[in-house]
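Trainee: got a structure for you, letters missing:
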């Protein structure tokens, strides 16, 4: 009977070694922090370190770019510390563009490392307005200056400065301008005209013109609307001409249109629509760009 009881006692599971080791680690940390001696607690605890390990474009359109920075914080102490937030300032060409802060609070394990992401949005219109030297530039240099705030036992809150530099493209939509409105055919019943547009690619990457939905108004009256499929490649700084056909029916529009065409003065035009373009950038595949052009032009014959 005694042998049976002894065998059952021997079969009781032992505590997992991982639990025991965790308790030993905690006890060691407590001993280090409270042990007497000449060194003060502030002298024993070490400052955490921080660095920006990555800065990359994570979203891109013709209007804005998003840059995401990965900040790595390392805690060399045998106790946890708390990251209390990050403040940052973003410079372009050494001109301050924006400031911000994150209030994310995370625990960083003893002798551990944590990474915090900082997404920063940059609107191109605001950027070019703020840094006038970028009006004709195709890329720009940036610098991120940030401070990582960490609550550390015995040291209190410490701010760890970090920096990151790099470049991003300055993306602009293709430039469209009206070149010429010409008369191709005139009869008593109607007329055929051609509206010629010049399209320029101001970017450091290739652009492809795909479709154009447009409406043309002359002196406030609709003269034509259509969808044009235009397969044209524009290299860096390249230019292309698009011709839009305009067919007028005097019976439906009135004789005054014919007199307007035969007149020698300029006419007021408004060209509105949507231009679909593609690019050679992986992050910016296709985009629909609004088009709105106003001005005065003569009708050439």
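Mentor: Great, that's in hand. Source: prediction; values computed, not measured.
Trainee: was I right about residue 84 contacting residue 147?
Mentor: No - here residue 84 does not reach residue 147: they are 10.8 Å apart, not a contact under C-beta atoms under 8 Å. In this view, the C-beta of every residue, glycine as well, is placed from N, C-alpha and C.
Trainee: so where does residue 223 fall, helix or strand?
Mentor: Per DSSP states H and E: residue 223 is located in strand 221-234.
Trainee: now for that strand, which elements pack on it?
Mentor: strand 190-200, strand 207-218, strand 239-249 (3 or more C-beta pairs under 8 Å, 6 or more residues apart in numbering; DSSP states H and E).
Trainee: ok, and for that strand, which residues are buried?
Mentor: 223, 224, 228, 230, 234 (16 or more other C-beta atoms under 10 Å).
Trainee: May I have the secondary structure class of residue 260?
Mentor: helix (DSSP: H, G, I helix; E, B strand; the rest coil).
Trainee: What strands line up against the helix or strand residue 69 falls within, and which way round?
Mentor: Secondary structure from DSSP H and E places residue 69 in strand 64-74. Using DSSP bridges, the strands paired with strand 64-74 are strand 49-60 (antiparallel), strand 113-123 (antiparallel).
Trainee: In TSV: these, plus distance to residue 192, mean pLDDT and mean neighbour count.
Mentor: Shown next, in TSV, are these (distance: least, C-beta to C-beta, whole Å; pLDDT from 0 to 100; neighbours: other C-beta atoms under 10 Å):
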stretch	distance to residue 192	mean pLDDT	mean neighbour count
strand 49-60	41	95	15
strand 113-123	43	94	15
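Trainee: So for residue 200, which of those strands sits nearest?
Mentor: Comparison of the strands paired with strand 64-74 against residue 200 by C-beta to C-beta identifies strand 49-60 as nearest, at 20.4 Å.
Trainee: wait, doesn't residue 108 sit right on residue 114?
Mentor: Yes - between residue 108 and residue 114 there is a contact at 4.8 Å, judged by C-beta under 8 Å.
Trainee: Mutual contacts of those two, please.
Mentor: 73, 75, 83 (C-beta atoms under 8 Å, 6 or more residues apart in numbering).
Trainee: is it fair to say the last one lies in a strand?
Mentor: Pointing back at residue 83 there. Yes - assignment of residue 83 by three-state DSSP places it within a strand.
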